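Colleague: Make a model of this:
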Amino acid sequence: MAIIEIKVPSPGESITHVEIYKWLVSDGDIVKKDTEIAELESEKATLTLVADKGGKISILAKEGDSLEVGAVACTIDTSFSSDNKNDISTNEKIESKIEITKEKEEKPKQISQVETKQIEENPYENVKTTPLAQQLMEENNLTIEDVISGLKRLKRSDIEAILTDKRTVKAQKKQNNRAISTNKMSALRRKLSERLVAVKNETAMLTTFNEVDMKAILDLRKKHQDKFVQTHGVKLGMMSFFLKAAAIALQEFPAINSMIDGENTVTFDYADISVAVSTPKGLLVPVIRNVEDLSLAEIEKKLIEVADKARNGSLSIPEMTGGTFTITNGGIFGSLLSTPIINPPQSAILGMHNIVERPVVADGQIVARPMMYIALSYDHRIVDGRESVSFLVRIKQLIENPVDLMFGKGGAVNELLEI
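Modeller: Modelled structure (predicted):
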């Protein structure tokens, strides 16, 4: 008999502990080599525990336990391995043998046509009677069918009595429903909570707002969506426009693309933009690198890739670190306006919101336009009000004139006229 130990792998530098989030197998199960047997969660990411060999699992840690990196989470008895047995596990063979034995020992009882007819013709089997009523029926040799068929008609009082009973039961259930559930916060959620509180206490966070007329982008998407999908294999969404606009604006206002490092200010010439993704385990912020060099189609493909990884828990630590700016979209949940919280050590975050038709003045006329409120939260220690407001105005200009996304600060007209 050979017993091997399955140890907790390291999710990344500086992480010393992980939490057993969920076992994907049960104690005593027979597994094959490379089977995912557990989900682990650290303060930065989730990862899976994989069986190095096939065999019988012995679980040594419960769900919710915190283990050091390198600690033994379970053992595998390889003498039970089924890797070379035509892919049929020991459990499956045992279950098959049990089923065959049961089939031999227990032959199903054949129900006669008469019995079937009696079952089908007994519509009163669910009728309940009180003990006194049952005693009276037996003394007079009566059945439930005799009693029910003897009722000439239902009176109003009979119906009201039934309704009263049902309302009473429903009211009791409603009054008695005072259940409380308590669940331990995951390591990821605890770390997120700590970071949010730290941002509030350690930064001079301020938020500025503006609104964007989304008509130009909505019209562009409606007109070219089919051709875009046919050409690139992905749909053209809203987020790619905002990422591209942010990349351009970050180059024009580098203070927004900076962060504090001790007594120094670090400014980045590139735009590595973090995108907030909501998952069942909490908010994750995977990074899309060098957005300034990507086309809208390339951004859309990157967005799909990182969102899928975030939701299935396969993001690595490097894919979530190193961002210089963050965009979050509360509008997908219906948020009209909010104050996004900075993702440290970054100095700013852009918040998108729901698109709502509102009356606005255009060319001297009141018209209905699809409008979106946008918000920029920034660290006032490093970003001044003039820069933050100008940055948000630049985002507004680029979104309302999406062709300018291809021609930079001067815009398409300036490019054409060379002015």
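Colleague: So I15 versus L220, what's the distance?
Modeller: 44 Å (CB to CB, to the nearest Å). All C-beta atoms are positioned from the backbone trio N, CA, C, and that covers glycine.
Colleague: Pretty sure E319 sits against V287.
Modeller: Yes: applying CB atoms under 8 Å, one finds E319 in contact with V287, separated by 6.5 Å.
Colleague: Pull up the overlap in contacts between those two.
Modeller: V306 (CB atoms under 8 Å, 6 or more residues apart in numbering).
Colleague: Let me see the contact set for the residue nearest the centre of the chain.
Modeller: Compute the mean C-alpha point of the chain, and by CA atoms, centre = their mean the closest residue is T279, 2.5 Å away. By CB under 8 Å, 6+ apart, the contact list for T279 reads A310, R311, G313.
Colleague: could I get these as a markdown table with secondary structure?
Modeller: Below are the contacts of T279 laid out as a markdown table (DSSP: H, G, I helix; E, B strand; the rest coil):
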| residue | secondary structure |
| --- | --- |
| A310 | helix |
| R311 | helix |
| G313 | coil |
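Colleague: What is the nearest of these to G262?
Modeller: A310 (31.2 Å; CB to CB).
Colleague: Kindly state the beta-bridge partners for the closest residue to that closest one other than its chain neighbours.
Modeller: Residue nearest to A310 in three dimensions, not counting chain neighbours: V277, with 4.2 Å by CB to CB, 6 or more residues apart in numbering. Taking DSSP bridges as the rule, V277 bridges to L284.
Colleague: Run through the stretch 1-150 of the chain and note the low-pLDDT ranges.
Modeller: Scanning the stretch 1-150 of the chain with the threshold set as pLDDT under 70 gives 1, 13-14, 44, 82-126, 128, 130-132, 149-150.
Colleague: ok so, going back, highest neighbour count among the contacts of T279?
Modeller: Within the contacts of T279, A310 tops the neighbour count with 24 neighbours, counted by other CB atoms under 10 Å.
Colleague: Okay, that one and V275: tell me how far apart.
Modeller: On the measure of CB to CB, A310 and V275 end up 9 Å apart.
Colleague: between the two, what contacts are shared?
Modeller: Shared contacts of A310 and V275, counting by CB under 8 Å, 6+ apart, come down to P286.
Colleague: Quick check: I374 touching V212?
Modeller: Yes: counting by CB under 8 Å, V212 is a contact partner of I374 at 5.7 Å.
Colleague: Among those two, which residue is more densely surrounded?
Modeller: Neighbours were counted for I374 and for V212 using other CB under 10 Å; V212 has more, 25 against 21.
Colleague: so where does the residue nearest to I6 when sequence neighbours are not counted fall, helix or strand?
Modeller: Nearest residue to I6, sequence neighbours excluded (CB to CB, 6+ apart): C74, at 5.0 Å. Secondary structure from DSSP states H and E places C74 in strand 72-77.
Colleague: Restricting to C-alpha, output that strand in CSV.
Modeller: Extracted in CSV, the C-alpha atoms of strand 72-77 (Å, rounded to 0.1, in the frame of the first residue of the first chain):
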residue,chain,number,x,y,z
VAL,A,72,-1.0,18.3,4.0
ALA,A,73,-4.7,18.7,3.1
CYS,A,74,-5.4,15.0,2.3
THR,A,75,-3.8,11.7,1.5
ILE,A,76,-4.3,9.3,-1.4
ASP,A,77,-4.0,5.5,-1.0
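Colleague: what lines up beside it in the sheet?
Modeller: Per DSSP bridges, strand 72-77 is paired in its sheet with strand 3-7 (antiparallel), strand 55-59 (antiparallel).
Colleague: Nearest to L405 among those strands would be which one?
Modeller: Using CB to CB, the nearest of the strands paired with strand 72-77 to L405 is strand 3-7, at 49.2 Å.
Colleague: After that closest one, which helix or strand is next? Please name it.
Modeller: strand 17-23.
Colleague: Check which helices and strands that next one sits against.
Modeller: Packed against strand 17-23 by the contact rule (3 or more CB pairs under 8 Å, 6 or more residues apart in numbering; DSSP states H and E) you find strand 36-41, strand 66-68, helix 187-202.
Colleague: What is the longest one packed up against?
Modeller: Packing contacts for helix 187-202, counted by 3+ CB pairs under 8 Å, 6+ apart, involve strand 17-23, strand 282-284.
Colleague: buried ones in that helix?
Modeller: By 16 or more other CB atoms under 10 Å, the buried positions in helix 187-202 come out as A187, L188, K191, L192, V199.
Colleague: same thing with the shortest one?
Modeller: When neighbours are counted by 16+ other CB under 10 Å, the buried residues of strand 66-68 are found to be L67.
Colleague: Could you check how far it is from the centre of its chain?
Modeller: 25 Å (CA atoms, centre = their mean, to the nearest Å).
Colleague: strands paired with it, and their directions?
Modeller: Take DSSP bridges as the rule and strand 66-68 pairs in its sheet with strand 17-23 (antiparallel).
Colleague: about what we covered before: now do the residue nearest to A310 against L220, distance only.
Modeller: 25 Å.
Colleague: Neighbour count: these two, which is higher?
Modeller: Neighbours were counted for V277 and for L220 using other CB under 10 Å; V277 has more, 21 against 15.
Colleague: Quick check, pLDDT for the residue nearest to A310.
Modeller: For V277, the pLDDT comes out at 89.
Colleague: cool, A368 as well?
Modeller: pLDDT, A368: 95.
Colleague: and it, what is it in contact with?
Modeller: A368 neighbours (CB under 8 Å, 6+ apart): E357, R358, P359, V360.
Colleague: and it, bridged to which residues?
Modeller: P359.
Colleague: Run a quick neighbour tally on the residue lying closest to P9 once chain neighbours are set aside.
Modeller: Spatial nearest neighbour of P9, excluding adjacent residues (CB to CB, 6+ apart): L47 at 6.8 Å. Other residues near L47 come to 22 when the count uses other CB under 10 Å.
Colleague: All set now, cheers.
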